[in-house]
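Engineer: sequence-free structure coming up:
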């Protein structure tokens with residue numbers, strides 16, 4: 001039995017849940033999320049909890065049991081509280097600024113500035129010029145946007161310059177040593 005899949009998902013008040021025709025829908029105070037799922041599992045609402053159970057003991061059903069339960073939990077969390085990830089920019093002259101509401105301008109040591117188009121459903125704010133705060137209701141999209149921004153100039157191990165997650169630890173390397181005779 002799946003350890004994650006057998007746990008019920010609590011639905012807080014103000015959140016509507018429905019699953020019909022292979023589409024999972026969760027609607028709450030922050031917005032509405034949908035997820036397509038394959039019919040290996042069933043969703044059954046009992047009071048303020050949803051129980052995810054698989055239809056048979058096949059390998060496909062077992063592998064998707066915990067997955068769909070966790071996707072549902074992430075959707076409920078997203079429409080109630082949302083997700084926030086913080087990126088830090090480190091380096092001399094490296095900075096970020098917002099141009100309007102949907103363009104992030106990044107100066108990362110290249111000869112030109114990088115314009116990153118902010119996807120719909122994602123909000124960005126800046127604290128100073130070196131701290132980017134990415135928020136949204138879809139956990140996967142927030143993570144994808146952060147990964148795309150980080151990949152523009154990943155942190156390097158010698159001086160630590162680049163874009164990193166707030167809680168990420170960069171393992172530093174020692175630079176060149178002098179010639180020994």
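Structural biologist: Perfect, I can see it now. All figures in this text were calculated on a predicted structure; none of them were measured in a lab.
Engineer: list the buried ones in stretch 32-51?
Structural biologist: 33, 35, 37, 40, 41, 43, 50 (16 or more other C-beta atoms under 10 Å). Every residue, glycine included, has its C-beta placed from N, CA and C.
Engineer: would you confirm that the fourth one contacts residue 66?
Structural biologist: The reference is to residue 40. No - applying C-beta atoms under 8 Å, one finds residue 40 not in contact with residue 66, separated by 11.5 Å.
Engineer: residue 151 should be in a strand, yeah?
Structural biologist: No - according to DSSP: H, G, I helix; E, B strand; the rest coil, the state of residue 151 is helix, so it is not within a strand.
Engineer: low-scoring stretches of the chain, by residue?
Structural biologist: Low-confidence regions of the chain, defined by pLDDT under 70, span residues 1, 178-181.
Engineer: spatially central residue for it, please.
Structural biologist: Centroid-nearest residue in the chain: residue 143, 2.7 Å away (criterion: C-alpha atoms, centre = their mean).
Engineer: which SS class is that residue?
Structural biologist: Per three-state DSSP, residue 143 ends up helix.
Engineer: number of residues surrounding residue 105?
Structural biologist: Around residue 105 there are 13 other residues, counting by other C-beta atoms under 10 Å.
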